[in-house]
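Visitor: no letters, just coordinates:
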């Protein structure tokens, strides 16, 4: 390639290619925030997560229990009363059950009232589990009540709940 009628030195071509590539990359970086904003604002492209309502939580419980009554008791929900960060909240659920073939916990379901999805986790157990106790960490969107429902082998449902105050919410960050 001739520049001003002269052949460029071997290093000059490489420098020009580098500068052109660097300039293109810089332009791309400068335009990235505008492109991201446009992608987020387009119809159906981005919307912050919505909180579940009490009705959505009751509907989720109804999907599990059906028309069977949910009795209070037998289920202990352990949560810290106050958490600084809702991203990893320790949760333990235990059920008063002998865990025999005739009387055992079939499942433990955990629900929240203010997370985007009310059904947080389900654990399926059997008589051979030995004890009806589970522990995990969950994300909580806000200060709320966490409800655990257990399904027993006889078809009955039992519940327990705990309140937790969350100072820094999870589940609500924008992407």
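Guide: Perfect, I can see it now. Bear in mind that the values here come from a model prediction, so they are computed numbers and not experimental data. Numbers count the residues shown, from 1 in each chain.

Visitor: low-confidence stretches in this structure?
Guide: For the chain, the stretches with pLDDT under 70 are 1-52, 171-175.

Visitor: for it, which segments count as helices?
Guide: 10-41, 54-65 (DSSP state H).

Visitor: residues contacting the residue nearest to residue 130 when sequence neighbours are not counted?
Guide: Nearest non-adjacent residue to residue 130, counting by C-beta to C-beta, 6 or more residues apart in numbering: residue 99, 6.0 Å away. Bear in mind the C-beta positions are built from the backbone N, C-alpha and C, glycine included. By C-beta atoms under 8 Å, 6 or more residues apart in numbering, the contact set of residue 99 is 105, 125, 127, 129-132.

Visitor: could you measure from residue 99 over to residue 79?
Guide: 23 Å (C-beta to C-beta, to the nearest Å).

Visitor: how about residue 120?
Guide: Taking C-beta to C-beta, one finds residue 120 at 12 Å from residue 79.

Visitor: list residues touching both of the two?
Guide: Jointly contacting residue 120 and residue 79 under the rule C-beta under 8 Å, 6+ apart are residue 146.

Visitor: about what we covered before: most neighbours among the contacts of residue 99, which one is it?
Guide: residue 105 (29 neighbours; other C-beta atoms under 10 Å).

Visitor: surely that residue meets residue 96?
Guide: No. With contacts counted by C-beta atoms under 8 Å, residue 105 stays clear of residue 96, the gap being 9.5 Å.

Visitor: fine by me, thanks again.
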